[in-house]
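**Student:** Coordinates only, no sequence provided:
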């Protein structure tokens with residue numbers, strides 16, 4: 001205290017005042033009359049402190065220092081980037097910061113001064129509390145703790161601010177790691193959705209080409225464009241278009257489309273008879289893979305059964321139909 005010279009008595013008073021927190025907010029602006037919460041600012045105590053210790057401050061530089069610190073906290077309390085409900089956290093730092101500026105002239109010239117760093121980091125961390133209730137509660141808890149430590153322990157050694165800032169930064173770094181991990185998950189999910197949509201588009205194009213120009217029963221077309229499209233998409237996402245599962249699923253679709261057309265030759269009927277059991281198993285397995293229930297699969301498979309029966313035993317052509325066929329062939333030869 002002897003080294004402080006004329007400031008010794010003023011610093012001794014500040015030393016006591018920094019340990020008490022009288023609180024208080026002042027209404028400002030046009031909303032003051034309405035009692036709006038948004039119209040309340042933390043009380044800037046620096047002008048009152050200046051008046052209280054005016055007779056103990058003889059150096060004009062010290063008087064200017066007090067005024068500048070008052071302006072600094074005016075700016076902090078009105079900074080729109082700091083949530084209104086968190087500005088009061090800075091209120092208890094007024095006396096320690098003022099005392100620091102009076103005893104350490106480097107406070108203004110050194111941007112890395114421990115007290116300035118703590119103020120800057122508190123302000124930056126407070127901005128992150130907007131819209132995140134969990135983070136806001138955690139920030140209020142840690143910041144109140146480090147400010148309490150500063151008010152309790154700070155004499156003239158600014159290392160107290162270093163220790164407080166280190167604790168705050170440890171909290172901020174941990175929160176940033178949590179946010180980065182959550183963001184990585186969100187990005188991965190978004191990329192997965194984007195890739196899945198791209199795969200789905202390729203599958204739709206493939207099925208559209210295979211169904212083009214075919215006069216298909218509704219059940220087959222609907223199954224191909226929905227259930228089997230979903231199954232093909234899942235296989236494309238999992239293993240790409242070079243996997244055995246993908247090729248088998250595409251072949252199953254081709255077999256389904258071939259199997260429901262009329263078979264007049266014995267060899268075709270024999271091939272269909274051998275194809276049907278594994279085809280049905282593949283269709284069932286594909287539907288189960290994309291969680292299509294029996295309530296949807298059973299009607300489809302029953303319709304496929306009827307189509308297979310019709311393909312093996314096509315209706316005999318009428319004499320009129322045979323005559324039209326002969327006439328068409330005659331016109332073609334002519």
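**Tutor:** Good, I have the coordinates. None of these values were measured; they are calculated from a predicted model.

**Student:** Identify the residues contacting the closest residue to residue 225 other than its chain neighbours.
**Tutor:** On the basis of Cβ to Cβ, 6 or more residues apart in numbering, the spatially nearest residue to residue 225 that is not a chain neighbour turns out to be residue 207, at 6.1 Å. To be clear about C-beta, it is placed using only N, CA and C from the backbone, and glycine gets the same treatment. Residues in contact with residue 207, defined by Cβ atoms under 8 Å, 6 or more residues apart in numbering, are 224-225, 228-229, 232, 253.

**Student:** rerun that using 7 Å as the cut-off
**Tutor:** With contacts taken as Cβ atoms under 7 Å, 6 or more residues apart in numbering, residue 207 has the following neighbours: 224-225, 229.

**Student:** between the residues you listed, which is nearest residue 88?
**Tutor:** Within the contacts of residue 207, proximity to residue 88 (Cβ to Cβ) peaks at residue 229, which comes in at 58.5 Å.

**Student:** May I see the buried residues of the one helix or strand that closest one maps to?
**Tutor:** Take DSSP states H and E as the rule and residue 229 turns out to sit in helix 227-239. Buried residues in helix 227-239, counting neighbours by 16 or more other Cβ atoms under 10 Å, are found at 227-236.

**Student:** swap in stretch 160-173?
**Tutor:** Neighbour-count burial for stretch 160-173, counted by 16+ other Cβ under 10 Å, picks out 160-161, 164-165, 168, 171-172.

**Student:** Check stretch 114-131 too.
**Tutor:** Along stretch 114-131, the positions that meet the burial threshold by neighbour count (16+ other Cβ under 10 Å) are 114-119, 121-123, 125-126, 128-129.

**Student:** Kindly list the longest helix within the chain.
**Tutor:** If you go by DSSP state H, the chain has its longest helix at helix 159-211.

**Student:** Next SSE downstream of that helix?
**Tutor:** Counting by DSSP H and E, the element after helix 159-211 in chain order, helix or strand, is helix 218-225.

**Student:** and that following helix with helix 227-239, angle?
**Tutor:** Orientation of helix 218-225 against helix 227-239 (axes from the mean of the first three to the mean of the last three Cα atoms, to 10 degrees) gives an angle of 20 degrees.

**Student:** residues of helix 218-225 that come out buried?
**Tutor:** In helix 218-225, the ones that count as buried by 16+ other Cβ under 10 Å are 219-220, 223-224.

**Student:** could you pull out the helices for the stretch 51-200 of the chain?
**Tutor:** 60-78, 94-103, 106-109, 114-127, 133-153, 159-211 (DSSP state H, counting those that start in this stretch).

**Student:** got those as JSON lines, with mean pLDDT and distance to residue 304 columns?
**Tutor:** Formatted as JSON lines, these follow (pLDDT from 0 to 100; distance: least, Cβ to Cβ, whole Å):
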{"stretch": "helix 60-78", "mean pLDDT": "93", "distance to residue 304": "74"}
{"stretch": "helix 94-103", "mean pLDDT": "94", "distance to residue 304": "81"}
{"stretch": "helix 106-109", "mean pLDDT": "92", "distance to residue 304": "84"}
{"stretch": "helix 114-127", "mean pLDDT": "92", "distance to residue 304": "62"}
{"stretch": "helix 133-153", "mean pLDDT": "91", "distance to residue 304": "54"}
{"stretch": "helix 159-211", "mean pLDDT": "79", "distance to residue 304": "16"}
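
**Student:** highest average neighbour count across those?
**Tutor:** Among the helices of the stretch 51-200 of the chain, ranked by average contacts under mean count of other Cβ atoms under 10 Å, first place goes to helix 94-103 (a mean of 24).

**Student:** packing partners for that one?
**Tutor:** Using 3 or more Cβ pairs under 7 Å, 6 or more residues apart in numbering; DSSP states H and E as the contact criterion, the neighbours of helix 94-103 among helices and strands are helix 8-17, helix 46-52, helix 60-78, helix 114-127.

**Student:** roughly how far is it from the heart of the chain?
**Tutor:** Computed by Cα atoms, centre = their mean, to the nearest Å, the separation of helix 94-103 from the middle of its chain amounts to 41 Å.

**Student:** And for that helix, what's in contact with it?
**Tutor:** 4, 7, 11, 14, 17-18, 45-46, 49, 62, 65-66, 69, 73, 107, 115, 119, 150-151, 154, 156, 158.

**Student:** ok, now stretch 71-89?
**Tutor:** Contacting residues not belonging to stretch 71-89 are listed as 38, 41-42, 44, 46, 90, 94, 123, 126-127, 129-130, 140, 143-144, 147 [Cβ under 7 Å, 6+ apart].

**Student:** Looking at the residues you listed, which is nearest residue 275?
**Tutor:** For the contacts of stretch 71-89, the closest approach to residue 275 (Cβ to Cβ) belongs to residue 130, at 63.8 Å.

**Student:** what separates the closest one from residue 139, distance-wise?
**Tutor:** According to Cβ to Cβ, to the nearest Å, residue 130 and residue 139 sit 11 Å apart.

**Student:** And residue 300, by the same measure?
**Tutor:** If you measure residue 300 against residue 139 using Cβ to Cβ, the figure is 57 Å.
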